[in-house]
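Enquirer: I need the structure of the sequence given here:
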Amino acid sequence: MQAKAPAGEDSTTAVVDSVLGALMTVGRSMRQRVAGDDLDPGLFWLLKNIAAEGPLRVTELAGCTNLDTSTVSRHVAQLHRAGLVERTPDPDDGRAHRLQLTDTGRSRLHDAFERRRTLLRRALGSWEADDVAELDRLLGRFVSDIDDLAAERENA
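Expert: You can find the predicted model right below:
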């Protein structure tokens, strides 16, 4: 026999499940190729992080994307062959390299972001401006709380 949940827990679980489902749907939409995309969604994520945090070592890129170093190395080799990133010597360690976007990589990343912005603009097109602003505020708060929890887990 299953124990009865405390009052309010069933509704909280339902809301959490709903939010989880929504996040998974949005995440899937953002990871899928958008019309006109020729950039693999996984590579898009790496390019985005290199642009935001770079120049980075492969190990640093793996850390900031929460991916295995060997996985990141394989993807970086693809990015390098495609001319989207370049390796430069690490000034702190002559044996290591740092990754940065090439002009082509920056352009492809910009185009991929623009296609996703267009998708979001279309999805939010019928919303009132105040509702869009409230969504932005709440998502910002949510992401901050998630980041705080992740930091607590890392420091525990």
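Enquirer: and residue 42, which of the three is it?
Expert: Under DSSP: H, G, I helix; E, B strand; the rest coil, the three-state class of residue 42 is helix.
Enquirer: pLDDT at it, what is it?
Expert: pLDDT for residue 42: 79.
Enquirer: Test my guess that it contacts residue 72.
Expert: No: in this structure, residue 42 is not within contact of residue 72 by Cβ atoms under 8 Å, at 10.0 Å. In this view, the C-beta of every residue, glycine as well, is placed from N, C-alpha and C.
Enquirer: Looking at these two, which one has more neighbours?
Expert: Each of residue 42 and residue 72 has its neighbours counted (other Cβ atoms under 10 Å); residue 72 has more, 24 against 15.
Enquirer: Tell me if that one really is in a helix.
Expert: Yes: assessed with three-state DSSP, residue 72 lies in a helix.
Enquirer: list the contacts for it?
Expert: 46, 58, 61-62, 65 (Cβ atoms under 8 Å, 6 or more residues apart in numbering).
Enquirer: Skipping adjacent residues, who's closest to the residue most central in space within the chain in space?
Expert: Central residue of the chain (Cα atoms, centre = their mean): residue 45, 5.6 Å from the mean position. Of all residues not flanking residue 45 in the chain, residue 65 sits nearest, at 6.5 Å (Cβ to Cβ, 6 or more residues apart in numbering).
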